[in-house]
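*Asks:* Fold the following.
(chains A and B)
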Amino acid sequence: MDYAALAELLFPHIDKTPDYYETLYPARQLSPGAKVTRLGPSPTGFIHLGNLYVAFVNERLAHQSGGVFFLRIEDTDEKREVEGAVEVIISSLEYFDIRFDEGVTVNGEIGEYGPYYQRQRGSIYQCFAKELVKKGLAYPCFCSEEDLQAIRDKQEKAGENPGYYGAFAKCRNLDPDEIERNIQDGKPFVLRFRSNGDPSRSFQIVDAIRGPLTMPENFQDVVLLKQNGIPTYHFAHVVDDHLMRTTHVVRGEEWLSSLPIHVALFKALDWPLPIYCHTTVLMKMENGNKRKLSKRKDPELSLNYYRSQGYHPKAVREYLLTIINSNYEEWRLANPDSPMEEFELTIEKMSSSGTLFDLDKLNDVSKEVLVRIPDEELYDFMLSWAKAYRPELAPLFTEKKDLLLRILAIDRHGEKPRKDLVYCEQIFDYFSYFFDDYFQVEDDYPEEVDREDIKPILESYINSYNHGDDRNQWFEKIRVLAAELDYAAKPKDFKKNPELYKGHVGHVSTVIRIALMGRASSPDLWEIQQIMGEEQTLNRINKAIAAL
RNA sequence: GGCCCCAUGGUCAAGUGGUUAAGACAUCGCCCUUUCACGGCGGUAACCCGGGUUCGAGUCCCGGUGGGGUCACCA
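*Replies:* The predicted model follows:
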């Protein structure tokens, strides 16, 4: 039996030719330099920061070059598929402002290069599989799991490379009659690549991030089509990215070791290679060692975590940019008010060593980002966060919009704005004392103040309180009050002669601060009182006195 | 274990044969200050090791070591 006959035997139902698909998916009409990139998540229902990193790079590369960025769902593993996962992927990416031009959307697919669900591309893969069989570059393998295990055991004992190749590849040169008999018996088979690679030979390939790489040739007869006729990642990647006219394949470093397989397949099909860009993987520190982010072990790194905590998408994007391109921070310093999209990402500047995820840095970036977001916008952001993740807070936010707006404006608009807002959960906690239902006393009165002085301080304060006082009048009264109880009216006096005083006016203010908001540190007291209003202010003080 | 990738302060990293080895985060100190932040000033802290090549190596080469990735009909 010749190869053409074998191809017919294996794929009798495939009548299209490769040319048909080449014509159906013509070269894209784009301006020179435009990059076509893609994201190919598998619908396992989990997406983390590392995935966003890759998505972001792909998106920027396409869009800053006037190219195309598409979403292809790599659902070739039915077993791992999770219901609703595609929606999670799309909505997570959308939240972080990753926009696709083409591919899968919540309302179906858009674009001329589909279908974009791999499972719907069965006959396309089979067409090219058939072509490989015709060329003698693929063959059916009838080995069972047990057969494969036996091969592995044998290899392990002999100290040979594991895998299906060379002399170990039992089905590689099966008798044509036997193949025919097996097929007629309906015996299940996988389609394997007939590799002619030699592991002792190596080849060179240029990775756009890493530069020239030397890799051994692929020698494994890898599976192209599984028993169910669905391709493996390797085959799907090669066929799809060729037919979808991808120019740059940006993917995680974990794919580097299977690159020889992909190169061999492109060669077997006589197709040009895309430009490969293997990014560094995001790592996490564990027990003093770095480790790749894992979906199972690191739920706190899932995109949903950041979303539910209320991190602003811009903050996460900006953080990612700082680790994607090392010159980004420099650019940001020089262009504090420019949208980050104006920064041009360069592949060459991307790091190739494992990057540790740094929450401190994310938080710092977030502070800088939030301080530039207008109050009204920040309010809207917090409201939509509350609706999604803290529904019990949403009515409060809606009802007290004016109050929230004043709170969010505290000290954010001067020459040196406060930068203490990081993410919604934290922001709400930070200002929770404004709301009676969430107010609680968290700190003790300062130890510099005698316990028996606390009541007189608060009583004296409330007696002289005038809500109409301006900041200076108000603080002058506290100075007087402090002095009457033998506390220094000016901290410097106390520092100079600590033996002359019980403490200083700062300690006295802290007593008031704790009575008012239950904590020893906060933005300006007077301003907070003005926002709270006279009634709530006096109430808090009175309650504190009563609690003594 | 085989193969591949990677290696500058605690973290992210500039650096492409000659630099007092940038900067940011974190950390510490001081100043500002009624608290906390903000801001300002300053400090601690790094080229994994060993061989080469070179007048000269963080930078190039080789060998170790360390870390990571990968070895599926998963992606």
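
*Asks:* per-residue confidence averaged over the host helix or strand of residue A:321?
*Replies:* Assigned by DSSP states H and E, residue A:321 falls within helix A:313-324. The pLDDT scores in helix A:313-324 average 93.

*Asks:* and it, what other elements does it pack with?
*Replies:* Under the contact criterion of 3 or more Cβ pairs under 8 Å, 6 or more residues apart in numbering; DSSP states H and E, helix A:313-324 touches helix A:49-63, helix A:328-334, helix A:359-370. Yep, even glycine has a C-beta here, placed from its N, CA and C like the rest.

*Asks:* what's next to it, contact-wise?
*Replies:* Under the contact criterion Cβ atoms under 8 Å, 6 or more residues apart in numbering, helix A:313-324 has outside partners A:49, A:52-53, A:56-57, A:95-97, A:306, A:328-329, A:332, A:340, A:343, A:345, A:350-351, A:355, A:361-362, A:365-366, A:368-370, A:373, A:423.

*Asks:* about what we covered before: which of the helices and strands packed on helix A:313-324 is buried the deepest?
*Replies:* helix A:49-63 (a mean of 24; mean count of other Cβ atoms under 10 Å).

*Asks:* The worst-scoring helix or strand of chain A on mean pLDDT: what's the following helix or strand?
*Replies:* Across the helices and strands of chain A, mean confidence by mean pLDDT, DSSP states H and E is lowest for strand A:289-292: a mean of 71. Following strand A:289-292 in sequence order, the next helix or strand is helix A:303-309 (DSSP H and E).

*Asks:* re earlier: give me the angle between the helix holding residue A:321 and helix A:359-370.
*Replies:* 130 degrees (axes from the mean of the first three to the mean of the last three Cα atoms, to 10 degrees).

*Asks:* Any residue of helix A:313-324 touching RNA strand B?
*Replies:* Yes - with Cβ under 7 Å from any atom of the strand as the measure, helix A:313-324 is seen reaching RNA strand B through A:322-323.

*Asks:* related to what we said a few turns ago, who does the least confident helix or strand of chain A touch, helix- and strand-wise?
*Replies:* Short answer (3+ Cβ pairs under 8 Å, 6+ apart): strand A:289-292 packs on strand A:282-286.

*Asks:* contact partners of the strand it packs on?
*Replies:* So strand A:282-286 is contacted by A:49-50, A:53, A:290-293, A:298, A:301, A:354-357 (Cβ under 8 Å, 6+ apart).

*Asks:* mind running it again at 10 Å?
*Replies:* A:48-54, A:252, A:289-294, A:297-298, A:300-301, A:320, A:323, A:353-358 (Cβ atoms under 10 Å, 6 or more residues apart in numbering).

*Asks:* Quick check on the residues you listed: which are buried?
*Replies:* A:48-54, A:252, A:293, A:298, A:301, A:320, A:323, A:355, A:357 (16 or more other Cβ atoms under 10 Å).

*Asks:* before we move on, back to that, from the chain's centroid, how far away is the helix holding residue A:321?
*Replies:* Between the centre of helix A:313-324 and the centre of its chain there are 9 Å (Cα atoms, centre = their mean, to the nearest Å).

*Asks:* cool, and stretch A:375-386?
*Replies:* The answer for stretch A:375-386 is 21 Å, by Cα atoms, centre = their mean.

*Asks:* if we can go back for a sec, tell me which strands the least confident helix or strand of chain A pairs with, and in which orientation.
*Replies:* Note on strand A:289-292: by DSSP bridges, its sheet partners are strand A:282-286 (antiparallel).

*Asks:* Next, see if the strand it pairs with gets close to RNA strand B.
*Replies:* Yes - using Cβ under 7 Å from any atom of the strand, strand A:282-286 reaches RNA strand B at A:283, A:285.

*Asks:* pLDDT averaged over that strand - what is it?
*Replies:* 76.

*Asks:* just the angle between it and helix A:49-63, please?
*Replies:* 160 degrees.

*Asks:* Same question for strand A:282-286: list its buried residues.
*Replies:* A:282-284.

*Asks:* My guess is residue A:58 contacts residue A:64. True?
*Replies:* No - counting by Cβ atoms under 10 Å, residue A:58 does not reach residue A:64; the two are 11.3 Å apart.

*Asks:* out of the buried residues of strand A:282-286, who's nearest RNA strand B?
*Replies:* When these are ranked by distance to RNA strand B (Cβ to the nearest atom of the strand), residue A:283 comes first, at 6.5 Å.

*Asks:* Quick check: beta-bridge partners of the nearest residue to the closest one once chain neighbours are set aside?
*Replies:* Spatial nearest neighbour of residue A:283, chain neighbours left out: residue A:290 (4.2 Å); criterion: Cβ to Cβ, 6 or more residues apart in numbering. Applying DSSP bridges to residue A:290 gives these bridge partners: residue A:285.

*Asks:* For residue A:290, which residues are in contact?
*Replies:* With the criterion set at Cβ under 10 Å, 6+ apart, residue A:290 makes contact with A:281, A:283-284, A:353-357.

*Asks:* where does residue A:300 land on pLDDT?
*Replies:* The model's pLDDT for residue A:300 equals 68.

*Asks:* what does the stretch 351-500 of chain A put close to RNA strand B?
*Replies:* Looking at RNA strand B, the residues of the stretch 351-500 of chain A close enough under Cβ under 7 Å from any atom of the strand are A:351-356, A:358, A:360-361, A:364, A:411, A:416-420, A:471, A:475, A:490-491.

*Asks:* Apply 6 Å and report the result again.
*Replies:* A:351-356, A:358, A:360-361, A:364, A:416-420, A:475, A:491 (Cβ under 6 Å from any atom of the strand).

*Asks:* residue boundaries of the helices in the stretch 101-250 of chain A?
*Replies:* When secondary structure is read from DSSP state H, counting those that start in this stretch, the stretch 101-250 of chain A shows helices at A:122-134, A:145-158, A:176-184, A:233-243.

*Asks:* What is the end-to-end distance of stretch A:408-427?
*Replies:* 9 Å (Cα to Cα, to the nearest Å).

*Asks:* Domain-wise, how is chain A divided?
*Replies:* A:3-15+A:122-279, A:375-438, A:451-547 (automatic domain parsing).

*Asks:* Can you convert these into TSV and add a column each for distance to residue A:21 and mean pLDDT?
*Replies:* Formatted as TSV, those follow (distance: least, Cβ to Cβ, whole Å; pLDDT from 0 to 100):
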stretch	distance to residue A:21	mean pLDDT
domain A:3-15+A:122-279	6	93
domain A:375-438	43	95
domain A:451-547	64	90
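
*Asks:* Compare those and report which one is nearest to residue A:42.
*Replies:* domain A:3-15+A:122-279 (8.5 Å; Cβ to Cβ).

*Asks:* Check the offset of that closest one from the chain's centre.
*Replies:* 32 Å.

*Asks:* how close does the closest residue in space to residue A:381 that isn't next to it in sequence sit to residue A:265?
*Replies:* Counting by Cβ to Cβ, 6+ apart, residue A:381 lies nearest to residue A:312, which is 6.3 Å off, once chain neighbours are set aside. Separation of residue A:312 from residue A:265 (Cβ to Cβ, to the nearest Å) stands at 42 Å.

*Asks:* which ones are touching the closest residue to residue A:191 other than its chain neighbours?
*Replies:* Of all residues beyond its chain neighbours, the one nearest residue A:191 is residue A:225 (4.0 Å), with distances taken as Cβ to Cβ, 6+ apart. The neighbourhood of residue A:225, defined by Cβ under 10 Å, 6+ apart, consists of A:10-11, A:76, A:122, A:125-126, A:129, A:132, A:138, A:140, A:189-192, A:231-232, A:235-236.

*Asks:* For chain A, just list every one of the strands.
*Replies:* Using DSSP state E, the strands found in chain A span residues A:36-39, A:68-71, A:102-105, A:108-110, A:138-141, A:190-193, A:202-207, A:211-216, A:223-225, A:248-252, A:275-279, A:282-286, A:289-292, A:355-356.
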